[in-house]
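>>> A structural model of the following input is requested.
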Amino acid sequence: EPQRGGARLRLAPLYCELVARIDAQAAAAGDEAAAASLRARLYKKLGDDLYESLYYEFGEWHRGHFFEALRAEPLRYVQRRHHYREWFARVAAARAARTTRARVFVMTNSLPEFTALLMNATLGDDWRSLFDLVVVRARKPSFFIQREPFHRVTYTGATDATVHTDARAERLELGGTYIGGSARALHEFFAERLELG
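Numbers count the residues shown, from 1 in each chain. Next up is the predicted model:
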């Protein structure tokens, strides 16, 4: 379960033991070149297996125990944040009244469904109305370095999302939800919005 962070900590000694065994196997390999080759091969296998297990658990919304437990009882793991909601609502009202030019957006590396689940739980079902833009699966830190396209995301339910990866979003729109993109394009979008008022 998500709140059992200790379970992950209990895995740390296992990985330490595996590293020690790899080192012992490599030391028994004989010459230094054979040891280095064996060590590199086994470390790569360990890394690949670790990545695969983490991806299984956290990489896709409909797999693994982590998201399953959160979907079943989100408020068991996430607290409502009424004071955040009130602040975001005040900023949105000030923007609508044109007493501020501040823009508020969400940018996260999280899956669109996971983002919606957390935001629904913390801010309410209409959380997207509090933000000018939402960017999910931003792939930080490459978001700040590369120039990748944005793709539109539409929510078909409280957390069910459709990612339109077949066509890039040629133009960002206020109130939209997008996947990917780049900091440069996001900056250009908001700079243009500020100029327009």
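>>> give me the next element, helix or strand, following the helix or strand of the chain at the bottom of the mean pLDDT ranking.
Sorting the helices and strands of the chain by mean pLDDT, DSSP states H and E puts strand 161-163 at the bottom, at a mean of 67. Remark: after strand 161-163, the chain's next helix or strand is strand 176-180, criterion DSSP states H and E.
>>> remind me what that following strand packs against, helices and strands.
Packing partners of strand 176-180 (3 or more C-beta pairs under 8 Å, 6 or more residues apart in numbering; DSSP states H and E): strand 133-136, strand 150-155. Using the backbone N, CA and C atoms, a C-beta is placed for each residue, glycine as well.
>>> save those as TSV, and put in distance to D125 too.
Shown next, in TSV, are the helices and strands packed on strand 176-180 (distance: least, C-beta to C-beta, whole Å):
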stretch	distance to D125
strand 133-136	14
strand 150-155	10
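>>> report the rounded mean pLDDT for stretch 54-68.
Averaging pLDDT along stretch 54-68 gives 77.
>>> can you give me the buried ones in that stretch?
Under the neighbour-count criterion of 16 or more other C-beta atoms under 10 Å, stretch 54-68 has W61, G64, F67 buried.
>>> just give me the residue closest to the centre of the chain.
Residue closest to the mean C-alpha point of the chain, counted by C-alpha atoms, centre = their mean, is S110 at 1.7 Å.
>>> any idea how many residues pack against the residue lying closest to it once chain neighbours are set aside?
Of all residues not flanking S110 in the chain, V136 sits nearest, at 6.0 Å (C-beta to C-beta, 6 or more residues apart in numbering). V136 has 23 neighbours, counted by other C-beta atoms under 10 Å.
>>> who does V136 form a beta bridge with?
Counting by DSSP bridges, V136 forms beta bridges with I179.
>>> buried sites along the helix or strand hosting A185?
Here A185, judged by DSSP H and E, is contained in helix 183-196. Within helix 183-196, the residues that count as buried by 16+ other C-beta under 10 Å are A183, A185, L186, F189, F190.
>>> where do the helices of this structure begin and end?
5-27, 32-58, 65-72, 74-77, 82-96, 112-123, 183-196 (DSSP state H).
>>> by mean pLDDT, show me the worst of those.
If the helices of the chain are sorted by mean pLDDT, helix 5-27 sits at the bottom with a mean of 77.
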